[in-house]
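J.: I'd like to go over a predicted model; first the sequence, then the structure.
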Amino acid sequence: MDQRLADAYILRMTIGTRLFTLLHGREVGRDGMGNIYYEDRRLRDGKRRRWVMYAGAPEASTVPPEWHAWLHYTTDAPLPGAHRPWQKPHQPNATGTIAGYRPPGHDYQGGHRARATGDYEAWTPGS
């Protein structure tokens with residue numbers, strides 16, 4: 001899909017979602033990334049529809065685990081701040097961005113990797 005068409009689709013989708021949110025949505029909460037979570041005011045098929053309005057680009061990896069569980073009806077209420085001491089703060093997926101991981105030897109890291117150590121022995125059939 002052409003980038004301009006993709007941008008226009010996202011814009012139309014956002015306008016439609018915003019209109020639906022104004023007419024039918026009830027704000028449930030916000031996360032640390034600035035995303036706003038909504039729930040439908042009406043019951044449909046025994047449950048209320050849930051959705052998120054992203055603070056920036058619509059990127060699903062910006063949704064923290066507690067809100068992801070709520071969006072997918074795993075929990076009845078989000079549990080923000082219910083973190084274990086060993087848990088790190090949520091970070092969105094940085095793949096494809098300047099903050100993404102690039103191993104030593106990647107072209108953007110200079111393209112030079114460490115030499116082989118010589119401890120590799122190739123397998124040959126019948127040996």
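T.: All right, it came through fine.
J.: looking at this structure, which helix or strand does the model trust least?
T.: Lowest on mean pLDDT, DSSP states H and E among the helices and strands of the chain sits helix 3-24, with a mean of 74.
J.: Let me know the next secondary structure element after it.
T.: strand 25-30 (DSSP states H and E).
J.: Which helix or strand contains V52?
T.: Going by DSSP H and E, V52 is in strand 50-53.
J.: what does that strand contact?
T.: 17-18, 21, 25, 28, 35-40, 63, 67, 70-71, 73 (Cβ atoms under 8 Å, 6 or more residues apart in numbering). Heads up, the C-betas are built off the backbone N, CA and C, glycines and all.
J.: Give me the buried entries from the residues you listed.
T.: 17, 21, 25, 28, 35-40, 63, 67, 70-71 (16 or more other Cβ atoms under 10 Å).
J.: can you give me the helices in this protein?
T.: Ranges of helices in the chain, per DSSP state H, are 3-24, 65-71.
J.: I'd guessed S61 sits against H90; true?
T.: No. The pair S61 and H90 fails to qualify as a contact (Cβ atoms under 8 Å) at a distance of 9.1 Å.
J.: In terms of neighbours, single out the busier of these two.
T.: H90 (17 against 12; other Cβ atoms under 10 Å).
J.: which residue packs closest to that one, ignoring adjacent ones?
T.: Leaving out its chain neighbours, the residue that sits closest to H90 by Cβ to Cβ, 6 or more residues apart in numbering is P64, at 4.1 Å.
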